[in-house]
Every structure is written in structure tokens, then in C-alpha cells.
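J.: Sequence and predicted structure below; questions after.
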Amino acid sequence: MLKILFSLMIANILFFPSGNLWRTPDDLGLPYEEIKITTADNIQLYGWFLPTKQSRHTLLFLHGNAGNIADRLDKAKSWLTQNISVLLIDYRGFGKSEGKITGEPGLNLDAKAGYDWLIQKNIASEKILIYGESVGAGPALNLATSVRSEGVILEGAFSSLKDMAKLHYFPVPDFLLGDFKFDNRQKIKDLKVPVFFIHGSLDEICPISMAKELYELAKTRKSFYEIHGASHNDTYAGEPKEMYEEALTFFEK
């Protein structure tokens, strides 16, 4: 009972979902498919699939802790210009998705449901890039260590929720984290596919030192792209074209 209580408390502190899809791909002139995906625990998720005609890869975009997929359309559009198709899904409780986040396992089920949808769409696993934005790095790494994929992109990733709590609040014992650990430090040790890091040098929420620690722990092929002068929420400011080119060169080697 206490574990459930602590999990609900952490969920309310950590996540800030919005049900307002204040824009759609139509507003950016992007063709898309509106989709509904059912998770293994019978939660219906909502999302958008944005295809390109000559897709080089497909990005499964797992967003951060606030807002919804409408807030990620600019990032999606940037990848589309590189002939990368994008699947944007909202976690349970975000946007038009059903349910509510009560623990990390639910997020992992949401990520897996998005991956399964792409496979059912006849998109080859070796062409799927799993993208984890901030807290999305947790379900991204969990997914990437349990399914086949082309690789992982981690934007603004942190080492663990325990480290984040210590940095922004105070040291927290494990039992207070309930069903939330986000132990990316441990997960990345088990990663077998290539991983590409994107991080702002002035990230005030998830310090770049955390991402660099994850980079050092990764035992697979890896690359780190530091955006000088960028903070946590303006990583894509200025449209760093060379970032996309470097990422694609890395994965297409």
C-alpha cells in the first residue's frame, strides 16, 4: 500500500500532462495518420504517424514529462526534412490517451505498444530508431534492451531518478521512489545497439555530466553531440542541421 502511495506521489511531482492538443500536423502542413494503440494492459493510447515518401528510418518518439505530442511537432518536422518518418505517441494520461501514470512499468508498456504498432505496419526493426527525450530516455532504454532496433537517440537524458532527486531536492531512499527508478545508468550497460546522445551544454535540469556518465558506461558503438549554449528545453533552437547529419551518418555507417 505504501509503495502505491509513494508511486502516486512521485507521479504527481514528476509528470505534468496536458489534454490540450493545441495543434495538429495539419497546422504545419504535414501529412499524417491519426492512430490509436492498445497496450498490453488494455490502455488505449493516441498518436500521430508522420510518414515520408522515401523514408530512410522511422523514429519512435518517446517524449518528456510535460505537455503532449502537440508540443513535439517542431522536432518531428525537423526529422521529416531528413526523410525520417516519425511516430509520436502520448503516454497514458497525456493528450487523448487513456489511463494515468502510476509507475515506470506503465511507461514501458506504452513504449512497447508504439514499437509493436510500427512492426505491424511492416516497418523493419532494423530501420526503427528509438528516441527518448528527457524522462523518455527511461522507457527508450528499457525498450531498446528488449527488442531489435537500429539504435537509440537520447536527448537530455539523466542518470537516474535518485540522482535527479538528490540534485533538485534532497537525497531520497529507494523505497520513497515507489515504482519509479529510471535507472538509466544500469540500463545502458545492457544496451547492445548503437546510441547517439544529444545534450545542451547549459542544461539546468539534467546536467550534461549525467549524459556524459551514461556515454562512458555504454559498451556499444556511441556518439555524443553537444549543443553549445543550449539548455534543457531549447536543444533544437537554431535548427542545428549538422546534428541531424551527424546522427544519420552515425547510424548509416
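T.: Perfect, thanks for sending it. Residues are numbered from 1 along each chain as shown.

J.: Double-check Tyr244 against Lys77; I have them as touching.
T.: No - assessed by CB atoms under 8 Å, Tyr244 is found out of contact with Lys77, at 11.7 Å. Glycine gets a C-beta too; all of them are placed from N, C-alpha and C.

J.: so Ser159 makes contact with Lys212?
T.: No - Ser159 is not in contact with Lys212 according to CB under 8 Å; the separation is 9.7 Å.

J.: what's the next secondary structure element after the least confident helix or strand in the chain by mean pLDDT?
T.: Ranked by mean pLDDT, DSSP states H and E, the weakest helix or strand in the chain is helix 2-14, scoring a mean of 79. Downstream of helix 2-14, the first helix or strand assigned by DSSP states H and E is strand 16-17.

J.: other SSEs contacting that following strand?
T.: Contact here means 3 or more CB pairs under 8 Å, 6 or more residues apart in numbering; DSSP states H and E; on that basis strand 16-17 packs against strand 66-67.

J.: one step back: what about Ser159 and Lys212, which has more around it?
T.: Ranked by neighbour count (other CB atoms under 10 Å), Ser159 and Lys212 place Ser159 first, with 24 against 15.

J.: which residues sit in contact with that one?
T.: Ser159 is in contact with Asn184, Arg185, Met210, Glu213, Leu214, counting by CB atoms under 8 Å, 6 or more residues apart in numbering.

J.: Mind checking what secondary structure it has?
T.: With DSSP: H, G, I helix; E, B strand; the rest coil as the basis, the three-state label of Ser159 is coil.

J.: do Val147 as well
T.: Quick answer, by three-state DSSP: Val147 is coil.

J.: which residues touch it?
T.: Counting by CB under 8 Å, 6+ apart, Val147 has contacts Lys112, Tyr115, Ser125.

J.: Give me the buried subset of those residues.
T.: Lys112, Tyr115 (16 or more other CB atoms under 10 Å).

J.: out of the contacts of Val147, which are inside strands?
T.: Within the contacts of Val147, no residue falls in strands by DSSP state E.

J.: Let me know the closest of the contacts of Val147 to Ile35.
T.: Closest approach between the contacts of Val147 and Ile35, by CB to CB: Tyr115, at 13.2 Å.

J.: Against Asn42, how distant is the residue most central in space within the chain?
T.: Nearest to the mean C-alpha position of the chain, by CA atoms, centre = their mean, lies Gly132 at 2.2 Å. From Gly132 over to Asn42 the distance is 24 Å, taken as CB to CB, to the nearest Å.

J.: now swap in Phe6 and tell me
T.: According to CB to CB, Phe6 and Asn42 sit 25 Å apart.

J.: the more surrounded of those two?
T.: Legend: neighbour count by other CB under 10 Å for Phe6 and Asn42, higher for Phe6 (18 against 9).
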